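Asker: sequence unknown, structure follows:
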């Protein structure tokens, strides 16, 4: 305050030059600005010194990782039904979507032309039998005459050939009869297995034949399911490393898997991975994998979709919360606390993101202390007060 009184006194001194007055004012302003700056810096230091952070001491632990994979559902033995003969549908014996038994009639194709073919074949068989009987009698007579030297060897051989031709004609007629009877049996289309009938694609009176592109229907047994899904080549080999086995041995060591509907309901019975394809898909670089399930709840049907949940356990690994990390140019960092000071440290994480934790593969070791939350607010080199 004394300085200001002196300034006002000098201002009133008419002998003081204007230039000196301006210099004094500038000096006072500079002193005030410097004082304000250091005051703010002190406040900021106080804030930093008062900032507390929760820390985490790194230790090894076992950790279960789960992966969710989209799967295509197929029943164990889907049976596509196509006609084996041509004809018009004359009867549909069951309702679409019904449960059927093996051998149960499903569809009948017009039987009249095939019944006629059977009768015609039976008549040919009867005629061939009669011709054979005649040929045999003729041969017996020729053999007797030959012994009496009434006919020569030529006539005897001719009779023998006639008998052989009659035998061949009978065999051909019998084969035609068998074919006709088979074709007649094909007019009744039966279920090849127990299961559930799908929609029937053709109606009464429609003409069907074996060459048509669309199947008549199909029967599937939903009691046992196969879920097909894909995993990248890298992921499969990572799993083989985790379980210390070959890729071909993974089905025997991987844990049970779950199957979930697209609306979120989980099949109560767990399944197992039963097969891994021997080839990698060239277009996707992935293995096709099959898991098997019992479907006693009838949650899934052939052709549906679901989600496979695959758990696997990582032994002696480092797990940290995601909020303990921050990202720079797609690289993950944490802050180690060393002698009370935050030090930035790059880490490598397992390719798995559950939105909560990271599995660290490089950059940390047991005993390290890191800031466990709010890493994005910390600055490299700042002093850290541990939250009690």
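Answerer: Noted; the coordinates are in hand. The model shown is predicted, which means the values in this text are computed figures rather than measured ones. Numbering: from 1, shown residues only.
Asker: Please enumerate the helices of the stretch 201-350 of the chain.
Answerer: Applying DSSP state H, counting those that start in this stretch to the stretch 201-350 of the chain gives helices spanning 233-242, 250-253.
Asker: on contacts alone, who are the packing partners of the shortest one?
Answerer: Helix 250-253 sits against helix 233-242, strand 272-276, with contacts defined as 3 or more C-beta pairs under 8 Å, 6 or more residues apart in numbering; DSSP states H and E. Placement of C-beta: from N, CA and C, glycine included.
Asker: That one: which residues count as buried?
Answerer: Buried positions in helix 250-253, judged by neighbour count with 16 or more other C-beta atoms under 10 Å: 250-251.
Asker: what residue ranges in the stretch 251-388 of the chain score low on pLDDT?
Answerer: Along the stretch 251-388 of the chain, the parts satisfying pLDDT under 70 run over 351-353, 388.
Asker: Dump the helices of the stretch 201-350 of the chain to a markdown table, plus distance to residue 261.
Answerer: Listed next are the helices of the stretch 201-350 of the chain as a markdown table, based on distance: least, C-beta to C-beta, whole Å:
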| stretch | distance to residue 261 |
| --- | --- |
| helix 233-242 | 24 |
| helix 250-253 | 24 |
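Asker: Of those, which shows the lowest average pLDDT?
Answerer: Of all the helices of the stretch 201-350 of the chain, the segment with the smallest mean pLDDT is helix 233-242, scoring a mean of 87.
Asker: quick one, which of the helices of the stretch 201-350 of the chain is nearest to residue 333?
Answerer: helix 233-242 (23.4 Å; C-beta to C-beta).
Asker: residues making contact with the closest one?
Answerer: Identification of contacts with helix 233-242 by C-beta atoms under 8 Å, 6 or more residues apart in numbering yields 67, 231, 246-247, 249-250, 254, 276, 280, 285-287, 312, 314, 351.
Asker: Which among the helices of the stretch 201-350 of the chain is found nearest to residue 112?
Answerer: Nearest of the helices of the stretch 201-350 of the chain to residue 112, taken as C-beta to C-beta: helix 250-253 at 53.7 Å.
Asker: now what about the closest one, what contacts it?
Answerer: With contact meaning C-beta under 8 Å, 6+ apart, helix 250-253 is reached by 236, 239-240, 243, 245, 272-276.
Asker: Which member of these is positioned nearest residue 324?
Answerer: Nearest to residue 324 out of these is residue 239 (C-beta to C-beta; 26.6 Å).
Asker: Please tell me how far the closest one sits from residue 276.
Answerer: When C-beta to C-beta, to the nearest Å is applied, the distance between residue 239 and residue 276 equals 10 Å.
Asker: Please name the residues that touch the nearest residue to residue 362 once chain neighbours are set aside.
Answerer: Across the structure, with C-beta to C-beta, 6 or more residues apart in numbering as the measure, the residue nearest residue 362 apart from its sequence neighbours is residue 348 (3.8 Å). By C-beta under 8 Å, 6+ apart, the contact set of residue 348 is 332, 360-363.
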